[in-house]
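Chemist: Provided below for reference: sequence and predicted model.
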Amino acid sequence: MSRLQPVTRNAATPAAAELLDAVSKKLGSIPNLIATMAHSPAVARGYLDFSQALSTGTLPARLREQLALAVGEANTCQYCVAAHTFLGRRAGLSEHETRDARRGVVPDKKEHAALAFAKELVESRGHVGDEQVQQLRLAGYTDGEIAEIVAHVALNVFTNYFNLVADTELDFPAVPELAAA
């Protein structure tokens, strides 16, 4: 049983109800992550606004989902890994590619550099060196794209931690744990 229960539309405050209605209208349903965040409309709005802003950035949807998968796996967030496996498939990733992203090892050198950097950010809690940033530049990333990678990692760490604390009930198809490589 989840530690924090999703807010139902009928029990929602007016601010939470407005937010849930907007999400339902846009997505056709309300993911448990957002319904649970709706206990604090400020938290849910912050997440939605940050996510929306990043979706207008320069990183392609495919890479955004790969980053979410790598970060979710690094933080052992089953909810986020399941959600982003589902969303990654919608962004064009195959089942094999979603597993590779979770491992942070993909054949495309540019994507690999971004995932390696994201994993290092998580493991080092943001303390990366000049060499790690230079590796991104050598892979072809601009300073703006590097900033977006950092922002995507931060957004995903937030949702990972939120789901781990809330023990959010899974409402996406479950994915198996990765076999030892």
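Modeler: Received, thanks.

Chemist: Show the average pLDDT along the lengthiest helix in the chain.
Modeler: Looking across the chain with DSSP state H, the single longest helix is helix 143-166. Across helix 143-166, pLDDT averages out at 97.

Chemist: Distance from that helix to the middle of the chain?
Modeler: With CA atoms, centre = their mean, to the nearest Å as the basis, helix 143-166 stands 6 Å off its chain's centre.

Chemist: can you check stretch 101-120 too?
Modeler: Per CA atoms, centre = their mean, the displacement of stretch 101-120 from the mean C-alpha position of its chain is 15 Å.

Chemist: buried sites along it?
Modeler: Neighbour-count burial for stretch 101-120, counted by 16 or more other CB atoms under 10 Å, picks out 101-102, 104, 106, 111-120. Quick note: C-beta positions are derived from backbone N, CA and C, even for glycine.

Chemist: For those residues, give me TSV that also has secondary structure.
Modeler: Listed next are the buried residues of stretch 101-120 as TSV, based on DSSP: H, G, I helix; E, B strand; the rest coil:
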residue	secondary structure
101	helix
102	helix
104	coil
106	coil
111	helix
112	helix
113	helix
114	helix
115	helix
116	helix
117	helix
118	helix
119	helix
120	helix
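
Chemist: now, among these, which is nearest to residue 3?
Modeler: Among the buried residues of stretch 101-120, residue 102 lies closest to residue 3 (CB to CB), at 24.7 Å.

Chemist: Tell me which residues touch that closest one, please.
Modeler: Applying CB atoms under 8 Å, 6 or more residues apart in numbering to residue 102 gives the contacts 69, 70, 72, 73, 81, 178.
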